[in-house]
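Engineer: Pasting the sequence and the predicted model now:
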Amino acid sequence: MDNEEIEYIKQLYADGNSYKDVQKITGRSKVAIEKILKGTRSLKEAAILARKQGKGKLTAQGRLVLSDIGKKACSKRGKCWTKPEQGFKQILNELKIGVRFPEYIKEIFSLSDDENAEIYFQYPLQRYVCDYVDVDRKIVYSINGDFWHGNPLLYEEENLTKIQKFNISRDINRCVFLEKNGYKVCIIWESEIEWNKDLVMEKIRATRKLETPSVLQTDTAAFDSLVAQSDWSEKLKSLWFKKPKGRPKKIEKSKKCKHCESEFIGREKRQYCSAKCFTLSSRKVERPSAKELEKMLWEKPKQQIAKIYGVSDKAVGKWVKNYELDSPPLGYWTKKL
């Protein structure tokens, strides 16, 4: 490949063609083109260019592909429809608002679309797949976990973990992107679905009337404007921090060891006071004492001792090692017998 052709390939790429387009025009392999063009355009620049050219929009075929990918991922993880999302669906049912589900959700949970469905679940909007979307009114309902997405009523900014900060920045970027594309974003928190359904209903009604601005999770002023939050904030903290986290502690009781019969404190299923007792009790053969074994070692070979106890000569060797005994040297029994 001469310099003229290399310059021609670079010019084609600079004019807005993708790797595949350049490959088709020049007839060169993908590897050869990647070597020439690698690092000349960032992912961000490529994404902006694709959107300008209309390549970023999701077609009907693209949605089917996403549906298949989602189905495979969900069948592995089993977390395609979380409890808060299910709780939000129940609230929509109370408000008599129908929901339409993707095919893989219908198959996994044996569901069917509601009559007069207005809201789509797991609806793809370009590069984002949103929880619940009212397509006609251009409203996105984002169902957020309080911990993972850092509910501002519960977690102060300086005390956020790395994963919370990452999720918050990602959520803000998504909100900004959706707003630029004409969608309103309404954040629904896990705790609201569990303990304050009235607030969730108020949010849904307010957004459907299009009377309120988009609610970003960091914008507490917009959050407060929907409903008077002072009482709810205190109530939420009292409920949330009393909520048991993780597994309940197992109760320990005074018990007797199954092997040595000494008393110890342990959990319900524990039967032995130590690992040593467990090992000793799990032995299939009772070992001779150190004195007995030392005497036998000088009276007969290890193979004969092994036959008496129904074990291998290697097992007898391990007993000798554990008791720290002196055994006859190599060739001792050959000379004697």
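Structural biologist: That came in fine, so what should we check first?

Engineer: contacting residues for residue 84?
Structural biologist: Counting by Cβ atoms under 8 Å, 6 or more residues apart in numbering, residue 84 touches 143, 145, 188, 190, 193-194. No exception for glycine: its C-beta is placed from N, CA and C like everyone else's.

Engineer: from those, which single one is nearest residue 319?
Structural biologist: residue 145 (56.9 Å; Cβ to Cβ).

Engineer: pLDDT score for the residue lying closest to the closest one once chain neighbours are set aside?
Structural biologist: Sequence neighbours aside, residue 190 is the residue nearest to residue 145 in space, at 4.9 Å (criterion: Cβ to Cβ, 6 or more residues apart in numbering). Listed pLDDT for residue 190 reads 90.

Engineer: how far away is residue 190 from residue 89?
Structural biologist: 14 Å (Cβ to Cβ, to the nearest Å).

Engineer: Same check on residue 172?
Structural biologist: Distance check for residue 172 against residue 89: by Cβ to Cβ, it reads 26 Å.

Engineer: hmm, back to that, show me which of the contacts of residue 84 are buried.
Structural biologist: 143, 188, 190, 193-194 (16 or more other Cβ atoms under 10 Å).

Engineer: So which of those residues belong to helices?
Structural biologist: Among the buried ones among the contacts of residue 84, the ones falling in helices (DSSP state H) are 190, 193-194.

Engineer: which one of these is nearest residue 295?
Structural biologist: Closest approach between these and residue 295, by Cβ to Cβ: residue 190, at 71.6 Å.

Engineer: And stretch 142-152, end to end?
Structural biologist: Criterion Cα to Cα, to the nearest Å; first-to-last residue distance in stretch 142-152 is 15 Å.

Engineer: residues in contact with that stretch?
Structural biologist: Here stretch 142-152 has contacts from 82, 84-85, 88, 130-132, 154-155, 160, 163-165, 167-168, 171, 174-175, 185-191, 193, 217-218, 220, 223, 240, using Cβ under 8 Å, 6+ apart.

Engineer: least trustworthy helix or strand in this protein by mean pLDDT?
Structural biologist: When each helix and strand of the chain is scored by mean pLDDT, DSSP states H and E, helix 220-226 comes last, with a mean of 43.

Engineer: For the closest residue to residue 85 other than its chain neighbours, list each beta-bridge partner.
Structural biologist: Of all residues not flanking residue 85 in the chain, residue 143 sits nearest, at 5.1 Å (Cβ to Cβ, 6+ apart). For residue 143, the beta-bridge partners under DSSP bridges are residue 188.

Engineer: Would you mind extracting the C-alpha trace of the longest strand that the chain contains into CSV?
Structural biologist: In terms of residue count, the longest strand belonging to the chain (DSSP state E) is strand 117-125. C-alpha atoms of strand 117-125 as CSV (Å, rounded to 0.1, in the frame of the first residue of the first chain):
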residue,chain,number,x,y,z
ALA,A,117,-51.6,0.5,26.9
GLU,A,118,-50.1,4.0,27.1
ILE,A,119,-46.8,3.3,28.7
TYR,A,120,-44.0,1.1,27.4
PHE,A,121,-41.7,-0.9,29.8
GLN,A,122,-38.0,-1.2,28.9
TYR,A,123,-38.4,1.1,25.9
PRO,A,124,-35.2,1.9,23.9
LEU,A,125,-34.5,5.6,23.2
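
Engineer: what comes up buried for it?
Structural biologist: Buried positions in strand 117-125, judged by neighbour count with 16+ other Cβ under 10 Å: 118-125.

Engineer: of those, closest to residue 320?
Structural biologist: Checking the buried residues of strand 117-125 against residue 320 by Cβ to Cβ gives residue 122 as the nearest, at 66.7 Å.

Engineer: Kindly provide the distance from the nearest residue to that closest one once chain neighbours are set aside to residue 125.
Structural biologist: Closest residue to residue 122 in three dimensions, ignoring its sequence neighbours and counting by Cβ to Cβ, 6+ apart: residue 102, at 5.2 Å. Relative to residue 125, residue 102 is positioned 14 Å away (Cβ to Cβ).

Engineer: Would you show me how to pick out the buried ones of the contacts of stretch 142-152 in ChimeraX?
Structural biologist: Restricted to buried positions by 16+ other Cβ under 10 Å, the ChimeraX selection for those reads:
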select :84,85,88,130,131,132,154,155,164,167,168,171,174,175,185,186,187,188,189,190,191,193,217,223,240
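
Engineer: and residue 296, what are its phi and psi?
Structural biologist: For residue 296, the backbone dihedrals (degrees, to the nearest 10) come out as phi -70, psi -30.

Engineer: Quick check: nearest residue in space to it, chain neighbours excluded?
Structural biologist: residue 305 (5.4 Å).

Engineer: Which pLDDT value does the model give that neighbour?
Structural biologist: 88.
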